[in-house]
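Engineer: what's the 3D shape of this:
(one chain, ligands or ions: 1)
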Amino acid sequence: MSRKLDSPVQTQMAVALVKSPLTGEFREFNKVGLKSPVGRRRVFVQTETGCVLGLELDRSDNAHTVKRKLQVALNFPTEESSLTFGDLVLNNDLTAVRRDSPLLLTRNNFHRSSSTPCLSPMKDDLQQRRDESSPIEILGNSVSFSFVKQMAKDITKAVKRGIDPVAVHSGLGGAYYFKNSRGESVAIVKPTDEEPFAPNNPKGFVGKALGQPGLKRSVRVGETGYREVAAYLLDKEHFANVPPTALVKITHSIFNVNSGVKASKSTEKMLVSKIASLQQFIPHDYDASEHGTSNFPVSAVHRIGILDIRILNTDRHSGNLLVKKLDGDGMFGQVELVPIDHGLSLPETLEDPYFEWIHWPQASIPFSEDELKYIANLDPFGDCEMLRRELPMVREASLRVLVLCTIFLKEAAANGLCLAEIGEMMTREVHPGDEEPSEIEVVCLEAMSLIGEKEAESPRSDVGSDVEFQFDIDCEEATDCTKKLAFPLGLTFGNARNQLSKVEETTEDEEEEEDKEEEENDRADLEKMQTITKLSMSLKSTLLGEKSQKYQKHPGARVESAYASSAHRSADEQMPSSTSFVKLAEMSEEEWTMFLEKYQELLYPAFEKRKSITLGQKQRQRLGTSCQF
Ligand SMILES: Nc1ncnc2c1ncn2[C@@H]1O[C@H](COP(=O)(O)OP(=O)(O)OP(=O)(O)O)[C@@H](O)[C@H]1O
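Structural biologist: Below you'll find the predicted structure:
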């Protein structure tokens, strides 16, 4: 490792790459519609500490030549770095990388923390210094971004007139309100390197590099921004009212750069480029945590709930619903809801969601005809195609979560379940220090078990139980989860370090890992055995049966969202120790197809069971009521 990596950080070169556009010193290449020369593409390389470099790729470029350019720029040894684009590790070919893509450059086997210096540009004479992009560049070409494009123009004009953005004080991540020329807030910008735990978080929640597991372990640090955009793109026909959102490269001096990643000289008023989500600012009166919820329209709650289920939102706390009072005749007391903050949706594994609306009476009212029609028309595979096209950095594991949850919603609604019932079936029961898989997770575990059996029977299979379909149980703290463990129903657990854990493996400091290894091994073994016993019992005893009864949710029994009411705790305390019972990343395409088939077969009995429980409850309630008289 180069000593230079430990040297004080200098951001001035990174700034030099981008400094001109706001002052108008450089020609704005794209402003008048000029395109990159044929065969050339501009990309944005983001280092793990948040520095952003614009880079022109030639037709002849490959990962090595790009890394070499970056090596010169950053004084960073190429052989010790990885260049990634979503799931793709760019070893050579760059054809999958589109124009304006954000790439991530990470160091291998290097201890990274908030104090890790920025990989900062070192040389003057680089092609990428001629980053002639506008102050706000939208990454992606979807027609859905036309509104955001206009907003970007308004903001640019305002900034040039000296109308500065302001920092948002609420929330755990860095966020900024950008204004138009009249001084009105028009957008909220959230830089990806200022998320909770990210290196440049301005509120003290630091400690991780981009790409490492974040506040939710199945959502990596630096990847909440594109999830915000995904939620907007998935919100077809603006059904749930998600404000227009795009991923941008944005340059301004207001953005935060923490000491340790700062230049040695003062960074005050220095321009910094960031990859960020940019969302339309919605003027509102309050958020859903501040008043009663009884006047929320049923259809607004349903529409937001439908979105939350599709994207498995793990963070729908009441602060993430803005409320606008409607003016006008006959509108007294009427409100409109605006869902925000979808950064913790589309996790890479089936997670425990957080649905604030689950106990609101509106969620127990049956879906309307229009809602049922919308749900019936949802096409999860089409949605995946759209996201692959518009946001190619979305990971395949997240797309699989989208598919599972959308299918679940469609089948459940078609079987007559209401929003609250569907939400409950997706939510885990949490007891202190203990979590059980939700009903959707039990269905998935059973589907995995069945294809495990099928594979074992198949003549194509290798010998013995070891070759049965394998899936992961979560071994988050474990360092050795690779031993195969026999499991009832013909399952084996093996190779339990999932993709996310593998990322950790390559990015965490090895020495630190070793120090923790012994004590973690013991803990992991214990946790593993407890989880397996729990799963074994749950599958054996319930198989979609009695389990449903155990999973009756008690209002208030849920722990609050990690974000909610968390302002006074440290980032470490807030790290939820969530478990992943069902991991999807490592299934081959063939296994995934077989799994989906079984999954769909098993949904019907699960819904029937749920309906009979609901019916039983209603009968008991009626009986209880009649007894009172
Ligand atoms: N589109 C929007 N329009 C208006 N205000 C918004 C919008 N998005 C966010 N805000 C405001 O900014 C605050 C912080 O935003 P947001 O909740 O998205 O950030 P965060 O750092 O992810 O927060 P949290 O830690 O609460 O999840 C919100 O509480 C809300 O008041």
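
Engineer: going forward, measure contacts and count neighbours with C-alpha atoms only.
Structural biologist: Will do.

Engineer: mind saving the C-alpha coords of stretch 158-168 as CSV?
Structural biologist: The C-alpha coordinates for stretch 158-168 follow below in CSV (Å, rounded to 0.1, in the frame of the first residue of the first chain):
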residue,chain,number,x,y,z
ALA,A,158,-30.5,30.6,-8.9
VAL,A,159,-27.0,29.5,-7.8
LYS,A,160,-25.4,31.6,-10.5
ARG,A,161,-27.3,34.6,-9.0
GLY,A,162,-25.9,33.8,-5.6
ILE,A,163,-29.0,32.2,-4.1
ASP,A,164,-27.5,29.5,-1.9
PRO,A,165,-29.0,26.3,-0.7
VAL,A,166,-29.5,25.6,3.0
ALA,A,167,-28.7,22.5,5.0
VAL,A,168,-31.6,20.5,6.4
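
Engineer: And that stretch, what's buried?
Structural biologist: The neighbour-count check on stretch 158-168 (16 or more other CA atoms under 10 Å) flags 158-159, 163-165, 167 as buried.

Engineer: Stretch 380-393 too?
Structural biologist: So for stretch 380-393, counting by 16+ other CA under 10 Å, buried means 380, 383-384, 386-387, 390-393.

Engineer: What's the mean pLDDT across that stretch?
Structural biologist: For stretch 380-393, mean pLDDT is 95.

Engineer: again, but for stretch 286-306
Structural biologist: 95.

Engineer: for stretch 43-53, same thing?
Structural biologist: Here the average pLDDT along stretch 43-53 is 84.

Engineer: Likewise for stretch 102-114?
Structural biologist: In this model, stretch 102-114 has an average pLDDT of 68.

Engineer: what's the answer for stretch 610-622, then?
Structural biologist: For stretch 610-622, mean pLDDT is 77.

Engineer: so who does Leu378 touch?
Structural biologist: Contact analysis of Leu378 by CA atoms under 8 Å, 6 or more residues apart in numbering lists 406, 410.

Engineer: How about the longest helix along the chain, which residues are buried there?
Structural biologist: Counting residues, the longest helix found in the chain (DSSP state H) is helix 589-628. Of all the residues in helix 589-628, those buried under the rule 16+ other CA under 10 Å are 591-592, 594-596, 598-600, 602-603, 606-611, 613-614.

Engineer: now swap in stretch 353-363 and tell me
Structural biologist: Buried residues in stretch 353-363 (16+ other CA under 10 Å): 353-360, 362-363.

Engineer: and which of those residues is nearest Arg400?
Structural biologist: Pro353 (15.6 Å; CA to CA).

Engineer: part of a helix, is that closest one?
Structural biologist: No - in this structure, Pro353 is coil, not part of a helix, as judged by DSSP: H, G, I helix; E, B strand; the rest coil.

Engineer: can you pull the contacts of it?
Structural biologist: Per CA under 8 Å, 6+ apart, neighbours of Pro353: 312-315, 426-427.

Engineer: and the ligand, which of the residues you listed reach it?
Structural biologist: Among the contacts of Pro353, no residue lies close to the ligand (CA under 6 Å from any ligand atom).

Engineer: What parts of this structure come near the ligand?
Structural biologist: Counting by CA under 6 Å from any ligand atom, the chain sits next to the ligand at 170-173, 188, 279-283, 320, 340-341, 563.

Engineer: Please report phi then psi for Gln46.
Structural biologist: The phi and psi values for Gln46, taken as degrees, to the nearest 10, are phi -110, psi 130.

Engineer: on that earlier part again, out of the contacts of Pro353, grab the one that's most surrounded.
Structural biologist: Highest neighbour count within the contacts of Pro353, by other CA atoms under 10 Å: Leu312, with 32 neighbours.

Engineer: for it, phi and psi?
Structural biologist: Dihedral pair for Leu312: phi 50, psi 60, per degrees, to the nearest 10.

Engineer: circling back to that earlier point, return the member of the buried residues of stretch 380-393 nearest to Gly50.
Structural biologist: Met393 (16.8 Å).

Engineer: can you pull the contacts of that closest one?
Structural biologist: Met393 touches 85-87, 226, counting by CA under 8 Å, 6+ apart.

Engineer: sorry, back to before: the buried residues of stretch 380-393 in helices, which ones?
Structural biologist: Reading helices off these with DSSP H, I get 380, 383-384, 386-387, 390.

Engineer: the helices in the stretch 151-300 of the chain, which residues?
Structural biologist: 224-234, 298-311 (DSSP state H, counting those that start in this stretch).

Engineer: Can you work out which other helices and strands pack against the longest one?
Structural biologist: Pointing back at helix 298-311 there. strand 335-339, helix 369-377, helix 396-414, helix 419-426 (3 or more CA pairs under 8 Å, 6 or more residues apart in numbering; DSSP states H and E).

Engineer: Next, the angle from that helix to helix 369-377.
Structural biologist: 10 degrees (axes from the mean of the first three to the mean of the last three CA atoms, to 10 degrees).

Engineer: And the residue nearest to Arg303 when sequence neighbours are not counted, how far from Val323?
Structural biologist: Distance criterion CA to CA, 6 or more residues apart in numbering; nearest residue to Arg303, sequence neighbours excluded, is Ala240 at 4.9 Å. Look at Ala240 and Val323: by CA to CA, to the nearest Å, they are 13 Å apart.

Engineer: Can you check which residues contact both of those two?
Structural biologist: Val338.

Engineer: what's near enough to touch the residue in the stretch 1-150 of the chain that the ligand sits nearest to?
Structural biologist: Closest residue of the stretch 1-150 of the chain to the ligand, CA to the nearest ligand atom: Val148 (12.2 Å). By CA under 8 Å, 6+ apart, the contact list for Val148 reads 244-246, 278-280.

Engineer: now swap in Ile275 and tell me
Structural biologist: Contacts of Ile275 (CA under 8 Å, 6+ apart): 46, 52, 102, 191-193, 247-250.

Engineer: ok, back up a step: which one of the contacts of Val148 is nearest to Arg303?
Structural biologist: The closest of these, once distances to Arg303 are taken by CA to CA, is Pro244, at 16.4 Å.

Engineer: Helices of the stretch 1-150 of the chain, residue ranges please.
Structural biologist: Using DSSP H, counting those that start in this stretch, helices in the stretch 1-150 of the chain cover 12-18, 20-23, 63-74, 146-160.

Engineer: For these, give me a markdown table that also has distance to Arg620.
Structural biologist: Listed next are the helices of the stretch 1-150 of the chain as a markdown table, based on distance: least, CA to CA, whole Å:
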| stretch | distance to Arg620 |
| --- | --- |
| helix 12-18 | 67 |
| helix 20-23 | 67 |
| helix 63-74 | 65 |
| helix 146-160 | 52 |
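
Engineer: Out of the contacts of Ile275, the closest to Lys583 would be?
Structural biologist: Thr192 (25.1 Å).

Engineer: how close does the closest one get to Glu228?
Structural biologist: From Thr192 to Glu228 the distance is 11 Å (CA to CA).

Engineer: Now for these two: what residues contact both?
Structural biologist: In contact with both Thr192 and Glu228: Ser277, using CA under 8 Å, 6+ apart.

Engineer: for this protein, what are the low-confidence residue spans?
Structural biologist: By pLDDT under 70, the low-scoring segments of the chain are 1-39, 76, 78, 109-133, 260-269, 329, 454-578, 621-629.

Engineer: Could you pull up the residues touching the residue of the stretch 401-550 of the chain found nearest the ligand?
Structural biologist: In the stretch 401-550 of the chain, the residue that lies nearest the ligand is Thr427 (19.5 Å; CA to the nearest ligand atom). Contact analysis of Thr427 by CA under 8 Å, 6+ apart lists 352-354, 438-439.

Engineer: The same query, at a cut-off of 10 Å, please.
Structural biologist: 312, 314, 351-355, 358, 421, 436-441, 551, 553, 558 (CA atoms under 10 Å, 6 or more residues apart in numbering).
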